[in-house]
Structures are given as C-alpha cells and as structure tokens.
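>>> sequence unknown, structure follows:
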C-alpha cells in the first residue's frame, strides 16, 4: 500500500494579482511547471477536513499552539484516483505530511463514520488515523476548493505554489466529486496565497528572485481561515 511521509519547511504570503503575474514571469525562466498543471494553467484541489467535537485542529491553529495536526481527504480535478488520506502536522517551522491512498469505497466509509477499513492493512499511517478518529470522534466539517499553479526546482526540492479562488462549503461537506456544489469565497479574488516549500534552505539568488520581503508573510491555514470566517 502507498505510504509516504514528507518533511519540509513552508513559507506563506498573501500577494495580489500584479505580484502573481510578475513572479510567474520571473520564475518560469528557472523553475519547471508542475506536471499536473492542465491546459487551463492550474489544477483543482478539493480537500475534506475532519475535526473532533472540541474542534482541536481549528483551535490549535487559532491559539498558536506550536505542535498541531490536521486530517483531510484530498482529490484532484474531481477525479476518483488518486484519493489521498493525510495527516498534516506542524512542530514549530517543520511541516510533516503523512499520506496514504484509499479507494472510493474506503473514502465513503470513512466519511460515514466507519473507520474499520483503516485496520485492513499494516499501514502505519492508517493505524495512526484510526487511533485518533476513534479516540476523539473525528468527523467531516468543511470542504475547501481552490485552483493551484505550481513550479519546482530540484535543489532542496524547492516548490512554489499559487493558490487562487479559495472557496468553502460547511453545509454539505461530503460530496467530493460533485461539480455543482454551492461554494462561498473565503476572501475576495484579489488575494492569492503564495507558498514556498523546501527541505533544507533556499539559496540567496532564489530569495532575491522571489523578493519575498515585499509581501505580507502570514501563518496562513486555509482550514482555519475558512472556518474562522464562518464564526
């Protein structure tokens, strides 16, 4: 069974459309486009997030807890393959993403509250998720959509992403493959989230290329931001 753990650092910024266009024009001379980008110039990410009765994943972020975690199911371009079940943890500035692939049937079972499929293999990530979901009764709480444009540079696995048109649905957050879900914007479409992801360090010339000191650096979480806007 597919079982992947990725450890890296992440920097996040709010940028406007003019900065986005300037950055894409600049980095396209040095970075490669992500292979998943379609002819439209982006790929569509849909994530279903889980939380427990105490909303720990939400409040860990809002309260600035140094050690925090989120659980989600993620699909791309509304396709049923791959379907990823993930734990995303953060300790200080280090992000750990643990990913396993699940079937559509397993996804439906997990969403409905039947987690027994997670015990059908020797997968350590599955067992960890099962432990938390049973212990604290996690359930689906919000569906989040956005368009992503991504570029990468092999040195230190540097990855640049631009996330646009971030939308949410908390009323019916379980219809992962439907195209016509009523989604509401998280913030106005003039805001774009720039993320810089890397394993070790960023060379000075790339820092100069990106000109990040000009941007608004934020501890942005699409999950907490989307739920916070509803409160």
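On my side now, so go ahead. Just so it is clear, the model here is predicted, and its values are computed rather than measured. Numbers count the residues shown, from 1 in each chain.
>>> Run through the helices of the protein in chain order.
Using DSSP state H, the helices found in the chain span residues 17-27, 56-62, 104-112, 124-136, 204-210, 222-228.
>>> Please tabulate the ones you listed in a markdown table and include mean neighbour count, distance to residue 177 and mean pLDDT as additional columns.
The way it works is simple: take the backbone N, C-alpha and C, and place the C-beta from them, glycine included. Shown next, in a markdown table, are the helices of the chain (neighbours: other Cβ atoms under 10 Å; distance: least, Cβ to Cβ, whole Å; pLDDT from 0 to 100):
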| stretch | mean neighbour count | distance to residue 177 | mean pLDDT |
| --- | --- | --- | --- |
| helix 17-27 | 14 | 29 | 95 |
| helix 56-62 | 19 | 24 | 87 |
| helix 104-112 | 16 | 9 | 95 |
| helix 124-136 | 15 | 21 | 96 |
| helix 204-210 | 14 | 36 | 90 |
| helix 222-228 | 20 | 20 | 86 |
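>>> where does the chain have low pLDDT?
1-2, 228-231 (pLDDT under 70).
>>> hmm, back to that, as JSON lines, the helices of the chain with distance to residue 164 would be great.
Below are the helices of the chain laid out as JSON lines (distance: least, Cβ to Cβ, whole Å):
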{"stretch": "helix 17-27", "distance to residue 164": "8"}
{"stretch": "helix 56-62", "distance to residue 164": "22"}
{"stretch": "helix 104-112", "distance to residue 164": "26"}
{"stretch": "helix 124-136", "distance to residue 164": "30"}
{"stretch": "helix 204-210", "distance to residue 164": "18"}
{"stretch": "helix 222-228", "distance to residue 164": "12"}
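>>> do you know which of these lies nearest residue 79?
helix 104-112 (10.4 Å; Cβ to Cβ).
>>> The closest one - contacts with which helices or strands?
With contacts taken as 3 or more Cβ pairs under 8 Å, 6 or more residues apart in numbering; DSSP states H and E, helix 104-112 sits against strand 67-76, strand 84-91.
>>> So which of those is nearest residue 152?
Between residue 152 and those, the shortest separation by Cβ to Cβ is 16.3 Å, and it involves strand 67-76.
>>> Quick check: can you name the pairing partners of the closest one and their directions?
If you go by DSSP bridges, strand 67-76 pairs up with strand 43-51 (antiparallel), strand 84-91 (antiparallel).
>>> quick one, the last one and helix 124-136 angle?
What it means is strand 84-91. Following axes from the mean of the first three to the mean of the last three Cα atoms, to 10 degrees, one obtains 80 degrees for the angle between strand 84-91 and helix 124-136.
>>> And strand 84-91, what's buried?
84-90 (16 or more other Cβ atoms under 10 Å).
>>> how much space between the most far-flung residue of the chain relative to its centre and residue 158?
Ranking residues of the chain by C-alpha distance from their mean position (Cα atoms, centre = their mean) puts residue 205 at the top, at 27.3 Å. The gap separating residue 205 from residue 158 is 12 Å, by Cβ to Cβ, to the nearest Å.
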